[in-house]
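Participant: Need a 3D model of the following:
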Amino acid sequence: MHRARKAFLSADRAATAAAWAIVLGMVGARAYHLVASAKLGDPFQSWWSSPGGTASWGAYIGAAAGIAGYLRWAREPALPYFDAATSCAGLGIFLGRLSCLLAGDDFGRVTTLPWGIRYPPESYAYNAQISSGVLHAPAALSLPTHPVQLYLGVTALAVFIVASKVWNRWHKMPGFTLSAVLVLDASTRFWWEFLRDPAAGGGRTFLSSSQWMCLFFLTAGVWIAWSCNLGKRGRALAAARSPSEQQRQRAGGRIR
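Facilitator: Numbers count the residues shown, from 1 in each chain. As a prediction, the model looks like this:
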């Protein structure tokens with residue numbers, strides 16, 4: 001809400017859009033998991049009876065649909081609200097990844113690195129390693145695995161910090177922060193996904209479904225930047241700085 005007000009957006013519209021994002025984000029997270037896991041034979045039955053599971057990509061798509069749909073109904077320009085929302089998204093992703101770590105899902109491949117994480121019996125990683133034959137019961141703990149949840153969480157926190165600086169400087173250019181976040185998040189997550197265990201959604205032969213989604217979101221970010229003509233608009237905005245600002249910089253000897 002603070003950033004919406006700072007950008008002179010309607011706080012009421014922003015709050016309602018956020019509510020729709022939360023609701024459709026939860027629906028999308030569950031639906032994407034069922035589709036990706038091929039468990040959507042009987043949609044109603046699968047929704048409630050299939051073992052619990054959600055997917056972050058479905059949450060992103062559902063949240064975006066909620067924001068875009070509501071703002072279209074309210075006849076508000078969507079990009080400024082998306083910029084404000086995505087500038088904070090990394091913080092939410094960071095917290096979500098910490099919950100993944102505590103739950104033991106989205107675990108990484110086996111590693112010999114000293115910071116590898118070992119899981120107790122009946123955890124997702126432990127059971128997956130027993131099933132694959134790399135671990136034999138009654139082992140006390142699983143084999144060490146890459147803490148992919150922490151890799152992704154720390155990266156998301158870095159994206160949040162960078163996106164906040166980008167938004168503070170460029171929020172008058174609708175779409176700039178959104179495209180920057182899409183490109184940053186997708187391009188970094190793509191490489192971390194190579195360390196995710198196949199039993200937790202990692203690729204078995206070529207690219208995983210998450211990596212294909214990374215490429216899709218990366219393409220979307222580039223397309224938004226191109227369609228909004230952000231490069232030319234950014235140069236025009238920089239060239240249109242107030243004379244007083246230019247004079248202050250010249251006085252400080254900082255123009256190069």
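Participant: Quick one: the helices in the stretch 1-150 of the chain, in order.
Facilitator: Using DSSP state H, counting those that start in this stretch, the helices of the stretch 1-150 of the chain run over 2-6, 11-36, 43-49, 56-74, 78-103, 124-132, 148-170.
Participant: Which of these comes out lowest on mean pLDDT?
Facilitator: Ranked by mean pLDDT, those bottom out at helix 43-49, with a mean of 53.
Participant: Identify all contacting residues around stretch 148-166.
Facilitator: Residues from elsewhere that reach stretch 148-166, judged by C-beta atoms under 8 Å, 6 or more residues apart in numbering: 86-91, 93-94, 96-98, 100-101, 106-108, 176-177, 180-181, 184-185, 188-189, 192, 195-196, 200. No exception for glycine: its C-beta is placed from N, CA and C like everyone else's.
Participant: let's see it at 7 Å
Facilitator: Stretch 148-166 is contacted by residues 86-88, 90-91, 93-94, 97-98, 100-101, 106-108, 176-177, 180-181, 184-185, 188-189, 192, 195-196 when judged by C-beta atoms under 7 Å, 6 or more residues apart in numbering.
Participant: Please parse this protein into its domains.
Facilitator: 1-76, 78-108+148-239 (automatic domain parsing).
Participant: So for the shortest one, first residue to last residue, what's the gap.
Facilitator: In domain 1-76, first residue to last residue: 16 Å (C-alpha to C-alpha, to the nearest Å).
Participant: repeat for stretch 142-156
Facilitator: End-to-end distance for stretch 142-156: 27 Å, by C-alpha to C-alpha.
Participant: in that stretch, what counts as buried?
Facilitator: Across stretch 142-156, burial judged by 16 or more other C-beta atoms under 10 Å covers 142-153, 155-156.
Participant: right, and the helices of the stretch 1-150 of the chain - which one's nearest residue 224?
Facilitator: Taking C-beta to C-beta, helix 78-103 is the member of the helices of the stretch 1-150 of the chain nearest to residue 224, at 8.3 Å.
Participant: Give me the angle between that closest one and helix 11-36.
Facilitator: If you take axes from the mean of the first three to the mean of the last three C-alpha atoms, to 10 degrees, helix 78-103 sits at 50 degrees to helix 11-36.
Participant: Counting neighbours, what do you get for residue 125?
Facilitator: A count of nearby residues for residue 125, using other C-beta atoms under 10 Å, gives 26.
Participant: Quick check: closest non-adjacent residue to residue 68.
Facilitator: Excluding its sequence neighbours, the residue lying closest to residue 68 (C-beta to C-beta, 6 or more residues apart in numbering) is residue 78, at 5.5 Å.
Participant: Burial check on that neighbour, number of neighbours?
Facilitator: Neighbour count of residue 78, defined by other C-beta under 10 Å: 19.
Participant: who's in contact with it?
Facilitator: Taking C-beta under 7 Å, 6+ apart as the test, what residue 78 contacts is 67, 68, 71.
Participant: Return the distance of it relative to residue 136.
Facilitator: With distances taken as C-beta to C-beta, to the nearest Å, residue 78 is found 54 Å from residue 136.
Participant: just to revisit the earlier point, any chance of JSON lines for the domains of the chain, columns distance to residue 119?
Facilitator: Below are the domains of the chain laid out as JSON lines (distance: least, C-beta to C-beta, whole Å):
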{"stretch": "domain 1-76", "distance to residue 119": "17"}
{"stretch": "domain 78-108+148-239", "distance to residue 119": "5"}
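Participant: which other residues reach stretch 190-203?
Facilitator: 105-109, 124, 128, 145-146, 148, 151-152, 155, 204, 208, 210-211, 214.
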